[in-house]
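J.: would you be able to build a 3D model of this:
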Amino acid sequence: MRGWSVLVASLLMSFASASSLSAQERELPLWADRMDRVTAGAKESALADELIRKTVHVRADARTDGDGTAARPFASVRAGFEAAKRSLAKGTATKLKIGPGVYRESMGRMDVTVGEIREALFIIEGAGAEKTIITGADLVEADAWESVGNGVYAMEWNLDLSHVSPSFGPPGYLGHRSEMLFVDGKLLRQVLIEPWTVERQGKLRVGTKTQMVYTEHPVLDPREVLEPGTFGVAELDSSGRWANKLFVKPGHPDDLKSKRVEVARRGSLLRIDGGKENLVLRGLTFTQACSQRQTGVIGPVFIRGHMRNILIDDCAFTWNNFTGLRLRLIDKLTIRNSRFDYNGDGGLNLGHNRYTLFENNSTSFNNWRGHWGNYYGWSMGGIKFHETEFNILRNHVAVGNMSPGIWYDIQCEHIYVDNLVSAFNRLALFFEIGNGPHVVDRSILAHGEESAYRAMIVGPTLMRDTIVYSNAKPKADDANKKHAAIAITYYGRQHSWHRTQRLVRPGLYLHQDNVFMAGPNQGALIRLAPGEGVDEHSYAFRYVGEGNLHWHARSGSGRPVYQHQVTTPGKPWTITSGGGDRFSRWADRTDARVADPGFADPDLLDFTVDSRSPAASNPRLPLRQIDRRWIDQTREFYAWARFPLFADILGDPTE
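T.: I've put the predicted structure just below:
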């Protein structure tokens, strides 16, 4: 690590003066090449199957008197998990092998302080993510339903998941519920039957006390508020004749008899915390968990607590009420070939992790629960990283998230993003408040609500051989704003609400050999924005462009609209568009050509070009058509969620 220390030190020293600009220009590309070879991810030689000394077997079709051997497997994943823990406590490297099937139970919780569990290798292996399914939902038999009139049916409901709004973020009520009802695997939309309003008292600041004040309103008649394909619950005794029941109005009356109906009853499917080392999850799906927002267990699988050497491979975390997977305090983590899609909040949430490698994963179609509560950007994303160091994100897809697609937030350092496709999210890629360095390589960032790419108060950053395209159409109440495809905010950050109190200074921003394009609906191509304290710290920021192609499809000339955004202390931020002359005040050097790259259909993510294109000469650019199935799934998901963003491209979901 000595070489890394020297490199990081040289980068930090280069912040000190503008005279070191040329050194930073040389170091950032070199750093990216070195980062590609850094030892990130799990030490997989310590996780190999040949190290296993005992295997505990589980099969869904087994007899109930099994003992965990291959000849007499357990029928219950809970029984298998308990047997595996006893083996691990003796220091025996153990595999829990779970056969194909649907397991309607929680595996349970592991206490790593028992015996030698902490260091003993533990592999939890299914038959494949499509075959071994652990679910938080139970089947509902047809005779459980009673008609209450107007096409509405009721079943007894005593789970009482209740409502908890965290003391931060929007208090929207429906966005914090946990109930889920599925018909043939399709989640029905929830409607409030017991309405509340929630108000926050006190200032929203970390370290200060706020109080959430709940006001109950009279129960609504489910026969009047439910539409076909919706459901709701009444869990309070004070709700009179409707109390302690779950109500549904199916799309067709026979659905409750002829189709598979499932209701979520378990919030936690697996929990391991306290410092486990050498852990593998492979070939498993965790789904339909009714996890709650910010109440301890906040996802179907919760892994945290000074862990190291963790591998997650060929797993799926889908259609869970809150975050698909949350990981905290882990060193040497690898996640590959896995899906974190269709979760009610974010797909994947990580914090305080180091040496992490993510390869060939998807975090798409998330935050439907947040959308129901008007809760979009406070703490969720396809992936939300914070305080993550030495991180490689490679061959990743993040599309159709009603949140930022990829969000590196609060002191993320040494970040390498390679071959990312992020599109049709509220933001495609977002770096926020981190000393860096950051590198974005060979990626496609397309279609953000305001910007496809945003950097806010970050250290040295390199983007190269990347396509950034956005054609966001302003909302009706936002028509006067000229949002930019690329938005960069730079100024010194002296402090943070978070525990990390390090100064964050803006550094070199280097763009090399990219194609930046804005569609006719996009207000601007690039916006640079100094903030408060700009006179004190802006000297450290330099924007440098080399070999880039710029195009803004607003007129025949394609001349880009550039913006600068100025801050007056004590007054709202204002945006001034001054074209290239004003933009150049912050640009040391921009040798971008203004020319149409000639993409086949950038709105629908077809970035192929013919040989005459000015982009065709760069073999590292991702000049390809994104699989249309991603677009079709985004269109279908947004129509189901009634999410109108990108309606001009994907179709209006309200029609």
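
J.: tell me the confidence at residue 309?
T.: Model confidence at residue 309, given as pLDDT, is 96.

J.: hang on, residue 31 in a helix?
T.: Yes - under the criterion used here (DSSP: H, G, I helix; E, B strand; the rest coil), residue 31 sits inside a helix.

J.: helices along this structure, start to end?
T.: For the chain, applying DSSP state H gives helices covering 2-14, 21-35, 77-89, 222-225, 255-258, 368-372, 534-537, 579-583, 628-641, 647-650.

J.: which of those has the lowest average pLDDT?
T.: Of all these, mean pLDDT reaches its minimum on helix 2-14 (a mean of 38).

J.: number of residues surrounding residue 198?
T.: By other Cβ atoms under 10 Å, 17 other residues sit near residue 198. Bear in mind the C-beta positions are built from the backbone N, C-alpha and C, glycine included.

J.: dig out what it forms beta bridges with.
T.: Beta bridges link residue 198 to residue 214, judged by DSSP bridges.

J.: touching, residue 265 and residue 290? I think so.
T.: Yes - using Cβ atoms under 8 Å, residue 265 makes contact with residue 290 at a distance of 6.6 Å.

J.: so which of those two has more stuff around it?
T.: Neighbour totals were compared for residue 265 and residue 290, and residue 290 leads with 23 against 18 (other Cβ under 10 Å).

J.: tally of neighbours for residue 651?
T.: Look at residue 651: counted by other Cβ under 10 Å, it has 12 neighbours.

J.: angle of the strand ranked longest in the chain against helix 628-641?
T.: Using DSSP state E, we find that the single longest strand of the chain is strand 413-434. Angular relation of strand 413-434 and helix 628-641 on a 0 to 180 degree scale: 30 degrees, by axes from the mean of the first three to the mean of the last three Cα atoms, to 10 degrees.

J.: what angle sits between strand 413-434 and helix 21-35?
T.: Going by the same axes, to 10 degrees, strand 413-434 makes 120 degrees with helix 21-35.

J.: in its sheet, which strands sit next to strand 413-434, and in what direction?
T.: Applying DSSP bridges, strand 413-434 is found paired with strand 383-399 (parallel), strand 404-409 (parallel), strand 438-441 (parallel), strand 444-458 (parallel).

J.: JSON lines for these, including distance to residue 86, mean neighbour count and mean pLDDT?
T.: JSON lines is the format used below for the strands paired with strand 413-434 (distance: least, Cβ to Cβ, whole Å; neighbours: other Cβ atoms under 10 Å; pLDDT from 0 to 100):
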{"stretch": "strand 383-399", "distance to residue 86": "35", "mean neighbour count": "24", "mean pLDDT": "94"}
{"stretch": "strand 404-409", "distance to residue 86": "40", "mean neighbour count": "28", "mean pLDDT": "96"}
{"stretch": "strand 438-441", "distance to residue 86": "45", "mean neighbour count": "25", "mean pLDDT": "95"}
{"stretch": "strand 444-458", "distance to residue 86": "48", "mean neighbour count": "26", "mean pLDDT": "92"}
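
J.: dump the residue contacts of residue 401.
T.: Neighbouring residues of residue 401 by Cβ atoms under 8 Å, 6 or more residues apart in numbering: 347, 363-367, 381-382, 425-426.

J.: from those, pick the one nearest residue 187.
T.: residue 365 (11.5 Å; Cβ to Cβ).

J.: re the thing from before, same list, the strands paired with strand 413-434, but as CSV with distance to residue 97 please.
T.: Formatted as CSV, those follow (distance: least, Cβ to Cβ, whole Å):
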stretch, distance to residue 97
strand 383-399, 28
strand 404-409, 34
strand 438-441, 39
strand 444-458, 39
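
J.: identify whichever of those lies nearest to residue 113.
T.: Across these, residue 113 has its closest neighbour in strand 383-399 (25.4 Å, Cβ to Cβ).

J.: now intersect the contacts of residue 401 with the strands, please.
T.: Counting by DSSP E, the members of these that fall within strands are 425-426.

J.: with adjacent residues omitted, what lies nearest to residue 197?
T.: residue 215 (4.8 Å; Cβ to Cβ, 6 or more residues apart in numbering).

J.: can you pull up the most central residue in this structure?
T.: In the chain, the C-alpha nearest the mean C-alpha coordinate belongs to residue 382, at 1.9 Å (Cα atoms, centre = their mean).

J.: surely that residue touches residue 404?
T.: Yes - look at residue 382 against residue 404 with Cβ under 8 Å: they come within range, at 7.2 Å.

J.: joint contacts of these two?
T.: Common contacts of residue 382 and residue 404 (Cβ under 8 Å, 6+ apart): residue 425.

J.: so who does residue 83 touch?
T.: By Cβ under 8 Å, 6+ apart, the residues touching residue 83 are 56, 68, 74.

J.: same list (these) but as CSV, adding neighbour count.
T.: Output for these, formatted as CSV (neighbours: other Cβ atoms under 10 Å):
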residue, neighbour count
56, 25
68, 22
74, 25
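
J.: which one of those residues sits closest to residue 330?
T.: Proximity of the contacts of residue 83 to residue 330 (Cβ to Cβ) peaks at residue 56, which lies at 24.5 Å.

J.: just to revisit the earlier point, how far away is the residue nearest to the centre of the chain from residue 426?
T.: For residue 382, the distance to residue 426 (Cβ to Cβ, to the nearest Å) stands at 10 Å.

J.: same check, this time on residue 162
T.: Taking Cβ to Cβ, one finds residue 162 at 29 Å from residue 426.

J.: compare neighbour counts for the two and give me the winner.
T.: Ranked by neighbour count (other Cβ under 10 Å), residue 162 and residue 426 place residue 426 first, with 22 against 12.

J.: now stretch 642-651 - C-alpha only, PDB.
T.: Extracted in PDB, the C-alpha atoms of stretch 642-651 (Å, rounded to 0.1, in the frame of the first residue of the first chain):
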ATOM      1  CA  ARG A 642     -48.000   5.900 -13.000                       C
ATOM      2  CA  PHE A 643     -44.700   7.700 -13.100                       C
ATOM      3  CA  PRO A 644     -44.800  10.400 -15.800                       C
ATOM      4  CA  LEU A 645     -41.100  11.100 -16.200                       C
ATOM      5  CA  PHE A 646     -39.900  10.600 -19.700                       C
ATOM      6  CA  ALA A 647     -43.500  10.200 -20.900                       C
ATOM      7  CA  ASP A 648     -42.600  12.000 -24.200                       C
ATOM      8  CA  ILE A 649     -40.100   9.200 -24.900                       C
ATOM      9  CA  LEU A 650     -41.600   6.100 -23.200                       C
ATOM     10  CA  GLY A 651     -45.300   7.000 -23.400                       C
END
